[in-house]
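Participant: fold the following and give me the result.
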Amino acid sequence: MGSRVHHSKEFKLQAARLVADQGYTFKKAAEHLGINAWTLRDWVRKFRSDGTLPPPGEEIKEAEEMKRLRKELSEVKMERDILKKAMAYFAKDKL
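Facilitator: You can find the predicted model right below:
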(Lines give C-alpha, C1' and ligand atoms only; values in the text may rest on other atoms or scores of the structure.)
Protein backbone atom coordinates (compact mmCIF):
# COMPACT_ATOMS: atom_id res chain seq x y z
CA MET A 1 0.00 0.00 0.00
CA GLY A 2 1.05 3.60 -0.55
CA SER A 3 2.19 5.80 2.25
CA ARG A 4 -0.05 8.59 3.51
CA VAL A 5 0.94 12.14 2.73
CA HIS A 6 0.44 14.66 5.52
CA HIS A 7 -0.26 18.19 4.35
CA SER A 8 0.16 21.28 6.48
CA LYS A 9 -2.86 23.19 7.73
CA GLU A 10 -1.87 26.11 5.48
CA PHE A 11 -1.89 23.87 2.40
CA LYS A 12 -5.28 22.44 3.35
CA LEU A 13 -6.73 25.91 3.92
CA GLN A 14 -5.40 27.27 0.62
CA ALA A 15 -6.78 24.22 -1.18
CA ALA A 16 -10.17 24.71 0.49
CA ARG A 17 -10.14 28.40 -0.48
CA LEU A 18 -9.81 27.41 -4.16
CA VAL A 19 -13.25 25.85 -3.84
CA ALA A 20 -14.88 28.26 -1.37
CA ASP A 21 -13.52 31.60 -2.58
CA GLN A 22 -12.43 31.14 -6.18
CA GLY A 23 -15.21 28.90 -7.44
CA TYR A 24 -13.19 25.86 -8.47
CA THR A 25 -15.00 22.54 -8.47
CA PHE A 26 -13.73 19.92 -6.05
CA LYS A 27 -12.58 17.80 -8.98
CA LYS A 28 -10.68 20.59 -10.80
CA ALA A 29 -9.00 21.87 -7.64
CA ALA A 30 -8.04 18.35 -6.55
CA GLU A 31 -6.59 17.52 -9.98
CA HIS A 32 -4.62 20.76 -9.98
CA LEU A 33 -3.18 20.04 -6.53
CA GLY A 34 -2.68 16.30 -7.04
CA ILE A 35 -4.97 15.22 -4.22
CA ASN A 36 -8.17 13.23 -3.96
CA ALA A 37 -11.40 15.20 -4.50
CA TRP A 38 -13.04 13.54 -1.48
CA THR A 39 -10.11 14.58 0.69
CA LEU A 40 -10.53 18.16 -0.47
CA ARG A 41 -14.28 17.95 0.18
CA ASP A 42 -13.54 16.85 3.77
CA TRP A 43 -11.11 19.75 4.26
CA VAL A 44 -13.69 22.26 3.05
CA ARG A 45 -16.36 20.74 5.29
CA LYS A 46 -13.99 20.88 8.29
CA PHE A 47 -13.00 24.52 7.70
CA ARG A 48 -16.63 25.53 7.23
CA SER A 49 -17.70 23.78 10.42
CA ASP A 50 -14.99 25.45 12.54
CA GLY A 51 -15.73 28.91 11.07
CA THR A 52 -12.49 29.35 9.14
CA LEU A 53 -14.43 29.43 5.86
CA PRO A 54 -17.91 30.93 5.47
CA PRO A 55 -20.86 28.58 4.96
CA PRO A 56 -22.06 27.99 1.39
CA GLY A 57 -23.96 30.97 0.04
CA GLU A 58 -22.08 33.59 2.03
CA GLU A 59 -19.39 33.72 -0.65
CA ILE A 60 -21.95 35.42 -2.87
CA LYS A 61 -22.50 38.10 -0.23
CA GLU A 62 -18.76 38.69 -0.07
CA ALA A 63 -18.52 38.89 -3.87
CA GLU A 64 -21.31 41.45 -3.92
CA GLU A 65 -19.54 43.46 -1.21
CA MET A 66 -16.27 43.35 -3.19
CA LYS A 67 -18.10 44.56 -6.30
CA ARG A 68 -19.64 47.44 -4.34
CA LEU A 69 -16.29 48.38 -2.81
CA ARG A 70 -14.53 48.33 -6.18
CA LYS A 71 -17.18 50.65 -7.60
CA GLU A 72 -16.85 52.97 -4.61
CA LEU A 73 -13.05 52.97 -4.95
CA SER A 74 -13.35 53.88 -8.63
CA GLU A 75 -15.62 56.81 -7.76
CA VAL A 76 -13.29 58.04 -5.02
CA LYS A 77 -10.30 57.89 -7.39
CA MET A 78 -12.24 59.88 -9.99
CA GLU A 79 -13.15 62.52 -7.38
CA ARG A 80 -9.51 62.68 -6.28
CA ASP A 81 -8.34 63.22 -9.85
CA ILE A 82 -10.88 66.01 -10.35
CA LEU A 83 -9.68 67.73 -7.18
CA LYS A 84 -6.04 67.42 -8.29
CA LYS A 85 -6.86 69.05 -11.62
CA ALA A 86 -8.82 71.83 -9.92
CA MET A 87 -5.93 72.47 -7.52
CA ALA A 88 -3.49 72.70 -10.41
CA TYR A 89 -5.80 75.06 -12.30
CA PHE A 90 -6.21 77.45 -9.36
CA ALA A 91 -2.54 77.26 -8.42
CA LYS A 92 -1.59 78.25 -11.99
CA ASP A 93 -3.62 81.47 -11.70
CA LYS A 94 -1.75 82.54 -8.55
CA LEU A 95 1.67 82.29 -10.19
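Participant: show me the contacts for the residue nearest to residue 62 when sequence neighbours are not counted.
Facilitator: The spatial neighbour of residue 62 that comes closest, neighbours along the chain excluded (C-beta to C-beta, 6 or more residues apart in numbering), is residue 54 at 7.0 Å. Where C-beta positions appear, they are placed from N, C-alpha and C, glycine not excepted. With contact taken as C-beta atoms under 8 Å, 6 or more residues apart in numbering, residue 54 is in contact with 20, 48, 62.
Participant: residue 55 is in contact with residue 48, correct?
Facilitator: Yes: between residue 48 and residue 55 there is a contact under C-beta atoms under 8 Å: 5.7 Å.
Participant: neighbour count winner among the two?
Facilitator: Set side by side, residue 48 and residue 55 give different neighbour counts by other C-beta atoms under 10 Å, the larger being at residue 48 (16 against 10).
Participant: next SSE after the strand or helix carrying the more buried one?
Facilitator: When secondary structure is defined by DSSP states H and E, residue 48 falls within helix 37-49. Past helix 37-49, heading to the C-terminal end, the next element that is a helix or strand (DSSP H and E) is helix 58-94.
Participant: off-centre distance for that following helix?
Facilitator: Using C-alpha atoms, centre = their mean, to the nearest Å, the mean C-alpha position of helix 58-94 is found 22 Å from that of the whole chain.
Participant: run the chain-centre distance for the helix holding residue 48.
Facilitator: Here helix 37-49 shows a centroid-to-chain-centroid distance of 18 Å under the convention C-alpha atoms, centre = their mean.
Participant: which strands and helices lie in contact with it?
Facilitator: Using 3 or more C-beta pairs under 8 Å, 6 or more residues apart in numbering; DSSP states H and E as the contact criterion, the elements in contact with helix 37-49 are helix 9-20, helix 26-33.
Participant: any idea how far residue 15 is from residue 8?
Facilitator: Taking C-beta to C-beta, to the nearest Å as the measure, residue 8 falls 11 Å from residue 15.
Participant: more neighbours: the two, which one.
Facilitator: Summary of the neighbour comparison: residue 8 and residue 15, criterion other C-beta under 10 Å, with residue 15 having more neighbours (23 against 8).
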